[in-house]
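Enquirer: Mind looking at a prediction? Sequence and model below.
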Amino acid sequence: ELTEEQSQSFQDAGVTVVSIPAATGREDLARFYGEVGAVLRGGNTGYTHGQEIAGDIFLRIDDVLRVIPENSAPVTACYLFDTQGGAVTGDQLANKLIEAAGLTNGVYSSTGGQIDMQTLTIANPTYIFCPIGVADQLAAAEGYRDLTAVQEGRVYEIDEQLIRSQGWGMLDAAIAIAGAVYP
């Protein structure tokens, strides 16, 4: 978000600023890309082109799920951003990356990108994914170090930018998650 001063500076320079909310889910990614396409390429043509690109991204992400072996029991995982409760929750687009790897997000019922320790303890995910450099913090932090995934060495670092991406980086994230669980 821009400050009023920044907005005024752009306006004074004759620059039009367009604010497009980030996508929150799979269907919303088509809206996001459509709106970006409409701005960059123009009207209906750009909107349609943007939606096609979003469809292509998820078509490739769906390909990841097609090569995952079937499991009779759900395998739980989560992506933790830090030791202060930052996580990929069920209301975020990144949740679809966990699902694309054939896993169940153990903190799916949480929202807003925040979880509490009790929720995480109950979920006790089989796999934990986190940004580069956070695995050691999880191993040292109270509560986190007691989780099965931490104790059994199933914590994998994946670049946070791939998880937060709303572009082709999502495919790389889905592949990294699936590759860690199904090498």
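Expert: Arrived safely.
Enquirer: Every contact and neighbour count from this point should use C-alpha atoms.
Expert: Noted.
Enquirer: So Ala180: helix, strand or coil?
Expert: helix (DSSP: H, G, I helix; E, B strand; the rest coil).
Enquirer: same deal with Tyr79?
Expert: With three-state DSSP as the basis, Tyr79 sits in strand.
Enquirer: Pull the contacting residues for it.
Expert: By C-alpha atoms under 8 Å, 6 or more residues apart in numbering, the residues touching Tyr79 are Ala87, Val88, Ile128, Phe129, Cys130.
Enquirer: go on, Glu142?
Expert: So Glu142 contacts nothing (C-alpha under 8 Å, 6+ apart).
Enquirer: and the host helix or strand of Asp56, which residues are buried?
Expert: Using DSSP states H and E, Asp56 falls within helix 43-66. Neighbour counts over helix 43-66 (16 or more other C-alpha atoms under 10 Å) mark 46-51, 53-55, 57-58, 61-62, 64-65 as buried.
Enquirer: Mind picking the two most distant members of these?
Expert: Pairwise distances among those were taken by C-alpha to C-alpha; the largest, 29.4 Å, belongs to Gly46 and Leu65.
Enquirer: OK, contacts around the residue sitting nearest the centre point of the chain?
Expert: Nearest to the mean C-alpha position of the chain, by C-alpha atoms, centre = their mean, lies Ala94 at 2.0 Å. By C-alpha under 8 Å, 6+ apart, the contact set of Ala94 is Val88, Ile163, Arg164, Met170.
Enquirer: and it, how far is that from Thr148?
Expert: Distance, Ala94 to Thr148, by C-alpha to C-alpha, to the nearest Å: 23 Å.
Enquirer: same thing with Leu59?
Expert: According to C-alpha to C-alpha, Leu59 stands 33 Å off from Thr148.
Enquirer: Pop out the phi and psi values for Gln114.
Expert: For Gln114, the backbone dihedrals (degrees, to the nearest 10) come out as phi -130, psi 140.
Enquirer: about what we covered before: can you pick the most crowded of the contacts of Tyr79?
Expert: The most crowded member of those, judged by other C-alpha atoms under 10 Å, is Val88 (31 neighbours).
Enquirer: Now do the same contact list for it.
Expert: Cys78, Tyr79, Leu80, Phe81, Ala94, Asn95, Val107, Gly113, Gln114.
Enquirer: tally of neighbours for the third one?
Expert: Which is Leu80. Leu80 has 27 nearby residues by other C-alpha under 10 Å.
Enquirer: quick one: it and Tyr127 touch, right?
Expert: No. Assessed by C-alpha atoms under 8 Å, Leu80 is found out of contact with Tyr127, at 10.6 Å.
Enquirer: How about the contacts made by Leu103?
Expert: Neighbouring residues of Leu103 by C-alpha under 8 Å, 6+ apart: Pro74, Val75, Thr76, Ala77.
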